[in-house]
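# coordinates for the following, if possible.
(chains A, B, C and D)
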There are 2 protein chains.
Amino acid sequence: MIQAVLRRLELFAGLSDQEREALSSLLSRRVRRIGPRHDIVIEGQPARNVIFLLSGWACRYKHLHDGRRQTMAYLLPGDACDLAVFGLPVLDHSLATIGSARIAEVPARQMQDLLDRHPRLARGFAWARVVAEAIGREWLVNLGQRSAAEKLAHLLCELSLRATSVGLCVDGRCPLPLTQIDLASTTGMSIVHVNRTLQDLRGRGLVSIEGRQLRILAPARLRDMAQFDDTYLHLGRPRRRPGLESASGPARQATAAAF
Amino acid sequence: MIQAVLRRLELFAGLSDQEREALSSLLSRRVRRIGPRHDIVIEGQPARNVIFLLSGWACRYKHLHDGRRQTMAYLLPGDACDLAVFGLPVLDHSLATIGSARIAEVPARQMQDLLDRHPRLARGFAWARVVAEAIGREWLVNLGQRSAAEKLAHLLCELSLRATSVGLCVDGRCPLPLTQIDLASTTGMSIVHVNRTLQDLRGRGLVSIEGRQLRILAPARLRDMAQFDDTYLHLGRPRRRPGLESASGPARQATAAAF
DNA sequence: CGGTCATTTGAAATCGTTCAAAAGGAGTGG
DNA sequence: CCACTCCTTTTGAACGATTTCAAATGACCG
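Sure, this is the predicted structure:
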């Protein structure tokens, strides 16, 4: 389970045994199993712990007073939940599981110590945060500019690629634990319209969805219709930044990761 | 002009004379004036410098192949442009001015040194980044869930508050250099519909917009219709985080800011 | 004063929502 | 195992919000 977090970080850079060890031990201290459709943390609470998703899927979401709900991110196994919000006095959104999940909670202080001691881990997490932000920007484009079919096509491209990158997919089959209700609250569409649009995608032979499994039948055509360009996911390992080749020393590296 | 950046940071925490001095001198080394509607950096370029907006407004945006365009953020005087994307091998979006603007460019290395030496500055910038992310999340809600009138009402609430917080507004009048075309690419609406919806807001006596100046005539009603809750802007100074009260030493503080 | 760009208007067409209800699936307790 | 319930998916039809197209008006600049 903790493997997931390591694998996620190693998408970015190699880790030494020592680093894996340090992170693993921290993650294994407080592990909780959470049932499906349960809130992990709720809007308005202070963010005390950093939370890691060891297995299962989760989502960030926000409610309006009248019940409307917008999903702002999906978290896959290995993702850290609080990179972006840790430091807020109170959370401005909630975090909930999709299916049942396992999470590790790490107190702020301990996380801090870990990052101070292992700058490469700090850099890895900083990178994960940058990617999460890039995904958020792509979602803004999705919500603002794309048509219903394009939105869903784009979302499915993204999720299948992210799932693949953390090893969740086997020969074209990709787990998709989301309901059409989830897809609706993600794309800003009504549930009914999500349903009809999915039928359209299926009808065109682009995807098949059955038993909570997604299969992309015509990847090229799907990407094409969504104008999906995977560079924003930055799945390849990044090159070192030009200006910082010779940066050295733990403190420097740590902040480098930071900024 | 450089005052803007200092004031922006001081929304978060006090700065020592030494810190102001260090930042000011760095910012004043390479200042450029850029005309209206000009790109500052373009999608696909590597991010070499950190860019600060000293005066004028700017926006982050992304293009689709067929010309559709989505604005993903507005930057006001004092905002740093690259907190969130610095570290990407190539930028996944562009940055452009709205009206004419003045920017400061700081090479990565020098910025790094500054943050290493002045952890409080590092913390200030980290905070600004957290707030920028929160704004992005709120925009997702805006695009996904709110109706046309609600979208515009919410956006106007946000922009007027942000403008106020950096001292751009005088007695209810707030500069709004955005065209209806800008508002359309921000809210995902057509230009025509932006126009009609603004007329509606004006007709209800909620706002008046003339000569690139916004005046919110009925703040309570406007906030109400948009379900605008300003906590996501985190304009009050944050309390120190619970777990980190006793954190000390430059390296530690720097990473604290980071994460 | 002409030219360019932003705003405004009208009317028709489209996309997406809403309402209402049925059908399918999965889990639970009797 | 069946009956029951709850939740998700699906369908139909009417309605409404928003877009599109096309053109006129207004504002600003050189």
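
# only C-alpha atoms from now on, for both contacts and neighbour counts.
Noted.

# let me know the pLDDT of the spatially most central residue of chain A.
Nearest to the geometric centre of chain A sits residue A:75, at 3.4 Å (Cα atoms, centre = their mean). pLDDT, residue A:75: 97.

# now swap in residue A:95 and tell me
95.

# host element of it?
In this assignment (DSSP states H and E), residue A:95 forms part of strand A:94-97.

# wait, does that strand contact chain B?
No. Using Cα under 8 Å from any Cα of the partner chain, strand A:94-97 stays clear of chain B, with a minimum separation of 11.7 Å.

# can you check stretch A:158-165 too?
No. Stretch A:158-165 is not in contact with chain B by Cα under 8 Å from any Cα; minimum separation 15.4 Å.

# could you pull out the strands for chain A?
In chain A, the strands defined using DSSP state E lie at A:31-34, A:39-41, A:49-55, A:58-63, A:69-75, A:94-97, A:101-107, A:173-175, A:207-210, A:213-216.

# which strands or helices does the last one pack on?
This means strand A:213-216. Where contact means 3 or more Cα pairs under 8 Å, 6 or more residues apart in numbering or on different chains; DSSP states H and E, strand A:213-216 is packed against strand A:173-175, strand A:207-210.

# now those as TSV including distance to residue A:122 and mean neighbour count?
Below are the helices and strands packed on strand A:213-216 laid out as TSV (distance: least, Cα to Cα, whole Å; neighbours: other Cα atoms under 10 Å in any protein chain shown):
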stretch	distance to residue A:122	mean neighbour count
strand A:173-175	30	19
strand A:207-210	38	16
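
# DNA strand C is nearest to which of those?
Nearest of those to DNA strand C, taken as Cα to the nearest atom of the strand: strand A:207-210 at 9.3 Å.

# show me what from chain A comes close to DNA strand D.
A:178, A:179, A:180, A:181, A:191, A:192, A:195, A:196, A:198, A:199 (Cα under 7 Å from any atom of the strand).

# for the fifth one, what are its contacts?
Contacts of residue A:191 were listed using Cα atoms under 8 Å, 6 or more residues apart in numbering or on different chains, and they are A:180, A:181, A:183, A:184.

# do you know which of the helices and strands packed on strand A:213-216 lies nearest residue B:7?
Taking Cα to Cα, strand A:173-175 is the member of those nearest to residue B:7, at 48.2 Å.

# residues in contact with the closest one: which ones?
Counting by Cα under 8 Å, 6+ apart, residues outside strand A:173-175 touching it are A:160, A:163, A:164, A:168, A:169, A:212, A:213, A:214, A:215, A:216.

# reformat the residues you listed as a markdown table; add distance to residue A:56.
Converted to a markdown table, the contacts of strand A:173-175 look like this (distance: Cα to Cα, whole Å):
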| residue | distance to residue A:56 |
| --- | --- |
| A:160 | 15 |
| A:163 | 11 |
| A:164 | 14 |
| A:168 | 10 |
| A:169 | 14 |
| A:212 | 13 |
| A:213 | 14 |
| A:214 | 16 |
| A:215 | 19 |
| A:216 | 21 |
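
# just give me the neighbour total for whatever residue of chain A ends up closest to DNA strand C.
Across chain A, the shortest distance to DNA strand C (Cα to the nearest atom of the strand) belongs to residue A:189, at 3.4 Å. Other residues within reach of residue A:189 by the criterion other Cα atoms under 10 Å in any protein chain shown amount to 20.
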